[in-house]
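>>> After the sequence you'll find the predicted model.
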Amino acid sequence: MGLRASYQYLGDKELEALEKFDNEEDIFETVEDRNEEAEILLDIDKMWDVLHFVLTGAGIGETVKGYLLSEAVVGVQSVENISEFTAYTKRERIADIINALEAFDIEKAMENFSMEACKNAELYPDIWDYDDEEDEIKEDLLDCFERMKDFYKEILEADGNVLVTIY
């Protein structure tokens, strides 16, 4: 249980429905049905907040509007009046997000990674007192970062949009 981040392909019809938002259940059923065809999904589980912090230096409560690395994790446009955090990114931003992810020096970021900084920033999940797990957490972050790059590349190739949900 907890807050997990999920990213998926979002077709133009689903994006249009999401922008008009009239029925939460219908939108998510439609998106799920369409995505079964596309099969472009990414689930980074509970590491979304710390990944955002590593990429931006800001916790999720400090989303950096217009900053591509922040947008990679939390999307560009949030959808209001939906029970779980939902946002989307239109295809026009995907190539720029990929370029920002490619340019980011994740190895250097991992050298500077600090469990204490994560604890002080009150990042989710609250695992920052387990110093003996630091190497495992770093490996998980590296894996999430690489899978996120691959996901956005697949979205670009499919000429799609991205739906972000944190639930």
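That came through, no problem.

>>> Y7 is in contact with V164, correct?
Yes: counting by C-beta atoms under 8 Å, Y7 is a contact partner of V164 at 5.6 Å. (Each C-beta comes from the backbone N, C-alpha and C, glycine too.)

>>> Strands of the chain, residue ranges please.
5-10, 41-45, 77-78, 85-89, 161-166 (DSSP state E).

>>> partners of the last one in the sheet?
Based on DSSP bridges, the pairing partners of strand 161-166 within the sheet are strand 5-10 (antiparallel), strand 85-89 (antiparallel).

>>> go on, the second one?
Strand 41-45 has these partner strands in its sheet, going by DSSP bridges: strand 5-10 (antiparallel).

>>> and the partner strand, how far out from the chain's middle?
8 Å (C-alpha atoms, centre = their mean, to the nearest Å).

>>> how about it: buried residues?
A5, S6, Y7, Q8, Y9, L10 (16 or more other C-beta atoms under 10 Å).

>>> got the contact list for it?
Strand 5-10 has contacts (C-beta atoms under 8 Å, 6 or more residues apart in numbering) with 18, 31, 34-35, 38-48, 73, 88, 148, 151, 154-155, 158, 160-167.

>>> now the angle from the helix of greatest length in the chain to strand 85-89?
Selection of the longest helix in the chain by residue count, based on DSSP state H, yields helix 134-158. Put simply, helix 134-158 runs at 50 degrees to strand 85-89, going by axes from the mean of the first three to the mean of the last three C-alpha atoms, to 10 degrees.

>>> by contact count, what packs against helix 134-158?
strand 5-10, strand 41-45, helix 48-56, helix 68-74, helix 91-103, helix 106-111, strand 161-166 (3 or more C-beta pairs under 8 Å, 6 or more residues apart in numbering; DSSP states H and E).

>>> quick revisit: out of the strands of the chain, the one nearest S114 is which?
strand 41-45 (20.2 Å; C-beta to C-beta).

>>> Could you check how sure the model is about the closest one, as an average pLDDT?
Model confidence over strand 41-45, given as mean pLDDT, is 94.

>>> re earlier: need the strands paired with strand 161-166 in JSON lines with mean pLDDT, can you?
Listed next are these as JSON lines, based on pLDDT from 0 to 100:
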{"stretch": "strand 5-10", "mean pLDDT": "93"}
{"stretch": "strand 85-89", "mean pLDDT": "91"}
